[in-house]
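1. predicted model and sequence below, questions to follow.
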Amino acid sequence: MGIFDKLASFLGLKKKEANLLVVGLDNSGKTTIINHLKPAESKRHEIVPTVGFSVESFSTKALKFQVFDMSGQGRYRTLWEHYYKDCHGIIFVIDSSDKMRMVVAKDELDQILQHKDIAGRKVPILFFANKMDMRDAATSVKVSTLMVLDDIRDKPWHICASNALTGEGLAEGVDWLTDQVKDVIQAR
């Protein structure tokens, strides 16, 4: 840590850091959402499916997020649980146009919520009902119903309709998550 970092930290000017876990089924738009949130100079022009996981970062006015972009392919989903213990928040991305796989997404959510490293903690979960630009997309209310989100009573959660390509809905969700994560960090 340099002298300016120490001074900024001492004065309270340095942003607090938080770990986010970004999960969801493959092809739901996780990497595209993260890419949209990153600073312009570090954005990728071509998005490819994540293999395993990747680590990215972005900042809001209040926090610096280290983001673990987890592959949603079936064979990689078992990796998710290795990152639960150190996460301050979860972004769960749902392809709102893929109603056939909504049951699989719900099963994955249930496994997360029941995991020993998540079950006893008030980890905030932001749901992005993504791909709202698609003709057959379900509304965020319908996605919430299909995912039975109202049954989550022990964790703060929020759902936003989003379009990762245009960025629509992302700012609202990240603002909510930032407020929630700040509370989690202060409680630790």
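-> Good, I have the coordinates.

2. count of neighbours near Ile94?
-> Ile94 has 28 neighbours, counted by other Cβ atoms under 10 Å. For every residue, glycine as well, the C-beta is placed using N, CA and C.

3. check which helix or strand covers it.
-> Using DSSP states H and E, the element containing Ile94 is strand 89-95.

4. identify all contacting residues around that strand.
-> 18-25, 27-30, 33, 101-102, 105, 109, 112, 123-131, 143, 147, 173, 177, 180-181, 184 (Cβ atoms under 8 Å, 6 or more residues apart in numbering).

5. if you look at the residues you listed, which of them are in strands?
-> 18-23, 125-130 (DSSP state E).

6. list the contacts for Arg135?
-> Ser97.

7. picking up where we left off before, please pick the buried ones from the contacts of strand 89-95.
-> The neighbour count (16 or more other Cβ atoms under 10 Å) marks 18-25, 28-30, 33, 101-102, 105, 109, 112, 123-131, 143, 147, 173, 177, 180-181, 184 as buried among the contacts of strand 89-95.

8. can you show me the CA trace of stretch 165-172 as CSV?
-> C-alpha atoms of stretch 165-172 as CSV (Å, rounded to 0.1, in the frame of the first residue of the first chain):
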residue,chain,number,x,y,z
LEU,A,165,-26.9,-5.2,-24.4
THR,A,166,-28.3,-1.7,-23.8
GLY,A,167,-27.7,-1.5,-20.0
GLU,A,168,-31.4,-0.9,-19.3
GLY,A,169,-32.2,-1.8,-15.7
LEU,A,170,-28.6,-2.4,-14.6
ALA,A,171,-28.0,0.9,-12.8
GLU,A,172,-31.2,0.5,-10.7
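
9. residues making contact with that stretch?
-> So stretch 165-172 is contacted by 32-33, 36-37, 128, 132-133, 160-164 (Cβ under 8 Å, 6+ apart).

10. please enumerate the helices of the chain.
-> 3-10, 30-37, 102-114, 116-119, 140-146, 170-187 (DSSP state H).

11. quick one: Ile33 and Asp183, what's the gap?
-> Distance, Ile33 to Asp183, by Cβ to Cβ, to the nearest Å: 23 Å.
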